[in-house]
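Trainee: structure of the sequence below:
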Amino acid sequence: MKKALLFILLAGNITAAQDFTGSWEGLFSFTTIVDIEESSTAVYAASENAVFIYDLNSRSFTTLTTVNGLSGDEISQIHYSEDKSALIIGYENGLLQIVDQDGQVNDVVAIKDKQSISPVDKRINEFIESGDLIYMATDFGIAIYNLERLEFDDTYFIGDNGIQVPVASIEIFDGFLYAATLDANSGMRRAPIADPFLIDFMNWNQINIDIWTEVITFDNRLFAVTVGRFLAELNTTSGTFASTGIRLPQAIRDAHATSDFITFTSREAIYIYDRTLNQIYLLDDIGGTSYNYTAGIVRGTILYAGTEAAGMIRINIQDQTDFDFIVADGPSRNAAFSISSSPGELWVGYGNHDVFYNPFPLERLGISYFREEESWVNYSFNDVLNAQSISSITVNPNDPNEVFLSSMQDGVVQFVDESAVTRFEQFNSSLFPTVDSNAPPPGIFYRISNSTFDRSGNLWVVQSLSDFSLHKRTPSGQWTAFDLSDEITNVAQSATKIVVTQEGNIIYGTTSIGLVGFDPETSQALSFNVDNNLINNYVASLRLDLNGQLWIGSNLGLRVLFNPNSMFTENPSDARSIIIEDTNGIPRELLADEAVLDIEIDGNNNKWVATASSGAFLFSPSGRETIFQFTTDNSPLPTNAVNDISIDESSGKIYFATDKGIVAFQGERSSKPEDNLESVRAFPNPVRPGFEGNVTIDGLTDRARVKITDIEGNLVYEAVSQGGSIPWDTRSFSGRKVASGVYFLFISTNDNIETTVSKLMIVR
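Mentor: Below is the predicted model of the structure:
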């Protein structure tokens, strides 16, 4: 009865994970390696939540990310089954994913979803394969999964009285299953693997006390390592482990054995021993540089070492000068805090801060840069002129080769042609130092959260914790500071995001006094807060849409100021909420109680919104229609906490930044509306056989009317643009694809003052 009950505890069917490769792209980091596995033809390296496969023959990479169906959760261990041609991935939360030889990812959620096991005790620590079974050492005991039947077999709770104990490592040796536990009372335990009643804790014998971190077979002998770093060997006569007299220099993270060598990986070094237990190789630095190691395996004379920040490294153990860094292309880390795009390019910042815009502890993580069809470029702390905690990046819209980095500690860094050239602080700009007596020398900082450009090419910068909270840098490089403290009480607060209205007025958000407005022509400064119907005085995000309306995100929802320039009049308009109907037809406020972290506007005036816990939304121009809500359940987002969004208007690609990586959604290309119809074009043109996408008609004015007719004048399609472009799936009103031929595009502006005609060739 007990066995049946515990079998049900982890019984569960396998389900296929969704593949998103058709419309999504994963931009994950592969620099932090948590585990390495091998097959006869490849080496598998697991990063935090993705895997890259290094083909030993072609020396090429294949990656597995959330776009392919991985969960996005933290990986703890991987195993490759040669017999089943399958990669098994174990996670910190107990999830098991199996990737078959066709690349299909399958989910096994029985451990993850089981409520009787504490969420903090579900980690999968190690795999051992035997026949059709894969044995898993976990933080609650041992679980067994049948790779042939694709179902759980048994679960062993091997502590005294059947309690759950963490098992760090397992091994099968000489007819016994050994379990190295992290519980001093349980110690090292074993049981006959052929015993059909191993589910009964009474059949597990404690053979040694102590806390054990590894148990592994090498040279037909069984070895184990204690938490005190002592290497022990099984005495087959007594059935217990005895010391070899070897104490490893550091705590062991990983162990791996071949027919000739046993490898122990610690954080600061990797040690390789031969069959006589002589240390024949020590890896503590590579080319004079030290690394933090996570895993190591040996193939012949080649050591593959996993590191915390440099990916995987291949080292010839007979010649340490022969080494290569093997890492799939990607940013330097997954924790992307801010992103900024320009046509075909993406910039990534990692300077995190808390909800009050406090950046401590300061980060020295540099930035990353990506260009389509090229490799990532990752800039170190030194490469960005030692600027700490870079919280946002602003690309000059008039010159994408000029980029400005906002540091929450060290001012503003100017990048030109992909290199840092100047760090702006007190002595070369108008930035005013903030004094902190508790900070290390020189005890000053410049907390810059955001910047933006106006139509004249001026860079506007907001500075926190200073009365000089607003700064302007002209295209010629002249800086001006604006002290707003006379007009606005407590203006020296934490500034958040900044925008420039179509009329040239400056508006920025704060964490405690709402919005601050500034008119550069009159030097008028003012505040706009809860008295003007803001949800509260905390403004997390700002964005002007194509109609000049100001969308305001807070930590508790959303407001819209339909006429932001009224802020500068005697009777300013109040901010308004967007009221929608829920699925039950009950009116409610859009994004009520949601923390809105970013708002972006595409060329059709749709609103893309990032939230702290509900994923990302796409709303219609008015906000009253939800077009998409992307979450971990229906998209490759690795988490529902989306820090930032950026839109590449040239391609229609939408980038989402999270603490667990970046993903990109290929939406419809939607450019901003033009002032006239002089640049109208249709592409691709001609449409060639086999093309399955949409034709994009670009260069339109807002609300332009497009009529498409065949050569005989029959109307086949009609649409009104919501921005500067419209897509056409080459289908007529009947839903059928139109035939080969020449089609005329008759386009007129909303007021019918301007018209144009274009041609489109379709070849089926």
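Trainee: how many other residues sit next to the closest residue to E345 other than its chain neighbours?
Mentor: Of all residues not flanking E345 in the chain, R371 sits nearest, at 5.2 Å (Cβ to Cβ, 6 or more residues apart in numbering). For the C-beta atoms, the positions are set from N, CA and C on the backbone; glycine is no exception. Using other Cβ atoms under 10 Å, R371 is surrounded by 13 other residues.
Trainee: wait, isn't R371 in contact with P343?
Mentor: No: R371 is not in contact with P343 according to Cβ atoms under 8 Å; the separation is 10.1 Å.
Trainee: so what's R731 up against?
Mentor: Neighbouring residues of R731 by Cβ atoms under 8 Å, 6 or more residues apart in numbering: Y717, K737, V738.
Trainee: now, of the residues you listed, which are buried?
Mentor: Buried members of those, scored by 16 or more other Cβ atoms under 10 Å, are Y717, V738.
Trainee: would you turn the contacts of R731 into TSV with secondary structure and distance to A704?
Mentor: Shown next, in TSV, are the contacts of R731 (DSSP: H, G, I helix; E, B strand; the rest coil; distance: Cβ to Cβ, whole Å):
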residue	secondary structure	distance to A704
Y717	strand	14
K737	strand	24
V738	coil	21
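Trainee: format the contacts of R731 as JSON lines; extra columns: pLDDT and distance to V34.
Mentor: Shown next, in JSON lines, are the contacts of R731 (pLDDT from 0 to 100; distance: Cβ to Cβ, whole Å):
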{"residue": "Y717", "pLDDT": "92", "distance to V34": "52"}
{"residue": "K737", "pLDDT": "90", "distance to V34": "48"}
{"residue": "V738", "pLDDT": "93", "distance to V34": "52"}
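Trainee: would you agree D467 falls within a strand?
Mentor: No: using DSSP: H, G, I helix; E, B strand; the rest coil, the assignment for D467 is coil, not a strand.
Trainee: P686: how many residues sit nearby?
Mentor: 15.
Trainee: pretty sure it contacts Y743?
Mentor: No: counting by Cβ under 8 Å, P686 sits too far from Y743 to count as a contact (10.4 Å).
Trainee: anything in contact with each of these two?
Mentor: Shared contacts of P686 and Y743 (Cβ under 8 Å, 6+ apart): L760, M761, I762.
Trainee: the residues you listed in helices, which ones?
Mentor: Using DSSP state H, no member of the shared contacts of P686 and Y743 sits in helices.
Trainee: these two touch, right, S725 and T701?
Mentor: No: contact criterion Cβ under 8 Å: S725 and T701 do not qualify, at 10.9 Å.
Trainee: more crowded one of these two?
Mentor: S725 (27 against 21).
Trainee: ok, what's across the strand from the more buried one?
Mentor: Counting by DSSP bridges, S725 forms beta bridges with D698.
Trainee: got it, and M761?
Mentor: Under the criterion DSSP bridges, M761 forms beta bridges with V742.
Trainee: next: E402.
Mentor: Assessed by DSSP bridges, E402 has beta-bridge partners V416.
Trainee: so it touches V413, yeah?
Mentor: No: counting by Cβ under 8 Å, E402 stays clear of V413, with 11.6 Å between them.
Trainee: so between these two, which is more surrounded?
Mentor: For E402 versus V413, the count of surrounding residues by other Cβ under 10 Å is larger for V413: 24 against 18.
Trainee: excluding covalently adjacent residues, which one is nearest to that one?
Mentor: L405 (4.1 Å).
Trainee: ok so the one you found is a helix residue?
Mentor: No: using three-state DSSP, the assignment for L405 is strand, not a helix.
Trainee: any idea of the pLDDT on it?
Mentor: Each residue has a pLDDT score; the one for L405 is 98.
Trainee: also E521?
Mentor: What the model reports for E521 is a pLDDT of 95.
Trainee: for the chain, which segments count as helices?
Mentor: Along the chain, the segments classed as helices by DSSP H run 2-9, 110-113.
Trainee: lowest-confidence stretch among those helices?
Mentor: Looking at those, the weakest mean confidence is helix 2-9, a mean of 39.
Trainee: hey, what's F241 bridged with?
Mentor: Beta bridges link F241 to L234 when assigned by DSSP bridges.
Trainee: quick one: it from I142, how far?
Mentor: Distance from F241 to I142, counting by Cβ to Cβ, to the nearest Å: 19 Å.
Trainee: D319 too?
Mentor: Distance, D319 to I142, by Cβ to Cβ: 41 Å.
Trainee: more neighbours, the two?
Mentor: Applying other Cβ under 10 Å to D319 and I142 shows that I142 carries more neighbours, namely 25 against 9.
Trainee: give the bridge partners for W608, please.
Mentor: E600, L618.
Trainee: what about T749, distance to L677?
Mentor: 7 Å.
Trainee: so Y156 makes contact with F140?
Mentor: No: here Y156 does not reach F140: they are 9.8 Å apart, not a contact under Cβ under 8 Å.
Trainee: how about the contacts made by the residue nearest to Y446 when sequence neighbours are not counted?
Mentor: Spatial nearest neighbour of Y446, chain neighbours left out: G411 (4.0 Å); criterion: Cβ to Cβ, 6+ apart. Listed by Cβ under 8 Å, 6+ apart, the contact set of G411 reads A387, R423, F424, E425, S429, L431, Y446, I448.
Trainee: swap in 6 Å and give it another go.
Mentor: Neighbour list for G411: R423, F424, E425, L431, Y446 [criterion: Cβ atoms under 6 Å, 6 or more residues apart in numbering].
Trainee: top of the residues you listed by neighbour count?
Mentor: For the contacts of G411, neighbours were counted using other Cβ under 10 Å, and Y446 has the most, 26 neighbours in all.
Trainee: how close does I711 sit to D354?
Mentor: As judged by Cβ to Cβ, I711 and D354 stand 63 Å apart.
Trainee: all strands of the stretch 651-764 of the chain, in order?
Mentor: Under the criterion DSSP state E, counting those that start in this stretch, strands of the stretch 651-764 of the chain are mapped to 653-658, 661-666, 681-683, 695-698, 705-709, 715-720, 725-728, 741-748, 755-762.
Trainee: dump those strands into JSON lines; add distance to L277 as well.
Mentor: Below are these laid out as JSON lines (distance: least, Cβ to Cβ, whole Å):
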{"stretch": "strand 653-658", "distance to L277": "46"}
{"stretch": "strand 661-666", "distance to L277": "42"}
{"stretch": "strand 681-683", "distance to L277": "68"}
{"stretch": "strand 695-698", "distance to L277": "67"}
{"stretch": "strand 705-709", "distance to L277": "78"}
{"stretch": "strand 715-720", "distance to L277": "76"}
{"stretch": "strand 725-728", "distance to L277": "68"}
{"stretch": "strand 741-748", "distance to L277": "79"}
{"stretch": "strand 755-762", "distance to L277": "74"}
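Trainee: what's the burial count for the residue lying closest to S259 once chain neighbours are set aside?
Mentor: For S259, ignoring the flanking residues on the chain, the nearest one in space by Cβ to Cβ, 6+ apart is D219 at 7.6 Å. Neighbourhood size, D219 [other Cβ under 10 Å]: 16.
Trainee: can I assume G296 is in contact with M312?
Mentor: No: with contacts defined as Cβ atoms under 6 Å, G296 does not count as touching M312, sitting 9.8 Å away.
Trainee: where do the contact lists of these two overlap?
Mentor: By Cβ under 6 Å, 6+ apart, no residue touches both G296 and M312.
Trainee: check contacts around the residue nearest the centre of the chain.
Mentor: Nearest residue to the geometric centre of the chain (Cα atoms, centre = their mean): G661, 1.2 Å. The contact partners of G661, by Cβ under 6 Å, 6+ apart, come to F28, N334, P638.
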